[in-house]
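*Asks:* for reference, the sequence and a predicted model appear below.
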Amino acid sequence: MAAKAEGLAKQFEAKVQEATGVFDRLSDADWKKTTSEKWTVGVVAHHVAGGHEGISGIIKTVAGGKSVPGFTMDMLHDMNAKHAKEFANVSKAETIALHKKNAAAAAAVVRGLSDADLSKNGTVLTGMPPMSVEQIINVILLNHVEEHLKSIRAAIGA
């Protein structure tokens, strides 16, 4: 385990803990409010929870010396739209459980990275420049939680 990876894992866990606190305090009325993504707060919270797994998969791929093949922004938007429909009525309890499970797994992936792994580069989205694993953690994994939390907070007036 690298000290840098441990620090990144701790940053992620702090964001996860912050998100868990927000999710725990959401009322039933809050859960149904619409966010800037044009989804309900519940769908956004579930999107965050599910995102940990997908993003940690990207981290593993690039740390393994590969790029994500043929993944486009349109594909990402389609996946997100499908998710929003499939989980329109997801429960808070189910979402929080998924969030905790997937976040723990993602933190373990980050913790398992060496300094050499963190510096490996790969393409994450077709047409975009390659990113290092460390950049993926900072720009995608951490920012995914942060940006969606901002949206949830704005929707509920917090």
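*Replies:* Nice, I can see it.

*Asks:* can you show me the helices along the protein?
*Replies:* Secondary structure of the chain by DSSP state H: the helices cover 3-25, 28-31, 41-63, 73-86, 92-111, 115-119, 133-135, 143-156.

*Asks:* TSV for the ones you listed, including mean pLDDT?
*Replies:* Shown next, in TSV, are the helices of the chain (pLDDT from 0 to 100):
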stretch	mean pLDDT
helix 3-25	97
helix 28-31	97
helix 41-63	97
helix 73-86	95
helix 92-111	98
helix 115-119	96
helix 133-135	97
helix 143-156	97
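
*Asks:* between these, which one is closest to L125.
*Replies:* Taking C-beta to C-beta, helix 73-86 is the member of the helices of the chain nearest to L125, at 6.0 Å. From N, CA and C alone the C-beta is placed, and that goes for glycine too.

*Asks:* ok so, going back, quick one: which of the helices of the chain is nearest T126?
*Replies:* Using C-beta to C-beta, the nearest of the helices of the chain to T126 is helix 73-86, at 8.1 Å.

*Asks:* what angle do the closest one and helix 41-63 make?
*Replies:* 140 degrees (axes from the mean of the first three to the mean of the last three C-alpha atoms, to 10 degrees).

*Asks:* so how far is helix 73-86 off the chain centroid?
*Replies:* 14 Å (C-alpha atoms, centre = their mean, to the nearest Å).
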